[in-house]
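> Structure, please.
(one chain, ligands or ions: 1)
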Amino acid sequence: METLRHIVLFIHLIGFAILFGAWAVQAFGGKKQLTGLMTVGMTIALVAGLALAAPWGLPAGASMNYAKLGTKLVILLIIGALLGIGGARQKRGAAVPPVLFWLVGVLTAVNAGIAAIW
Ligand code: HEM
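Predicted structure coming up:
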């Protein structure tokens with residue numbers, strides 16, 4: 001079970017890498033647009049994250065930090081809302097407001113920071 005949990009964590013990290021990587025490509029030298037790949041990465045991180053939020057496959061004596069997980073979930077939902085709002089604007093041919101675009105990357109980095117530091 002512990003190995004399976006590590007595999008789900010690996011999938012969670014792949015989701016994070018796809019989301020942040022897709023955003024970084026757009027942010028640094030790209031057109032600063034929101035892309036479907038960001039949504040794919042976020043969805044992978046969400047599904048694997050929710051699976052990891054249940055207390056299974058933990059080493060003996062380990063416990064879960066639900067305040068931390070709840071905070072990460074709220075931040076991910078905000079990222080999802082930003083991708084939804086920005087993506088809809090793009091489809092209408094309008095530009096994505098810079099603050100909305102940058103927030104996607106910053107909040108993704110914040111969530112990784114919370115995961116590693118809290
Ligand atoms: C964009 C959103 C997210 C990012 C960037 C992210 C990033 C990360 C990273 C980098 C780790 C590895 C940290 C480590 O092993 O020390 C991690 C672990 C983990 N994440 Fe996420 N995550 C996100 C969303 C979520 C969500 C929504 C949940 C569940 C509600 C979640 C639950 C977990 C759990 C349970 C772990 C295992 C280690 C721990 O307790 O911190 N994550 N996440």
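> can you pull the pLDDT of the closest residue in space to W56 that isn't next to it in sequence?
Among residues not flanking W56 along the chain, M1 sits closest, at 6.3 Å (Cβ to Cβ, 6 or more residues apart in numbering). (C-beta placed from N, C-alpha, C; glycine too.) With respect to pLDDT, M1 has a value of 89.
> what does the one 4 residues further on give?
As predicted, R5 sits at a pLDDT of 97.
> do the same with the one 5 residues further on
pLDDT recorded at F10 is 98.
> quick one: which helix or strand includes it?
helix 2-27 (DSSP states H and E).
> Off-centre distance for that helix?
With Cα atoms, centre = their mean, to the nearest Å as the basis, helix 2-27 stands 8 Å off its chain's centre.
> Quickly note the distance from E2 to L103.
Using Cβ to Cβ, to the nearest Å, E2 is found at 36 Å from L103.
> near the ligand, which residues of this structure?
Selection of the chain residues close to the ligand by Cβ under 6 Å from any ligand atom yields 9, 12-13, 16, 19, 42, 45-46, 49-50, 52-53, 69, 72-73, 76, 79, 108, 111-112, 115-116.
> If any of those are buried, give me the ChimeraX selection for them.
Selecting only the buried entries of these in ChimeraX, with 16 or more other Cβ atoms under 10 Å as the criterion:
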select :12,16,19,42,45,46,49,52,69,72,73,76,79,108,111,112
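> which non-adjacent residue is nearest G57?
Distance criterion Cβ to Cβ, 6+ apart; nearest residue to G57, sequence neighbours excluded, is R5 at 3.3 Å.
> The one you found against W56, yeah?
Yes: applying Cβ atoms under 8 Å, one finds R5 in contact with W56, separated by 6.8 Å.
> Of the two, which one has the most company?
In terms of neighbours (other Cβ atoms under 10 Å), R5 is the more surrounded of R5 and W56; the figures are 16 against 11.
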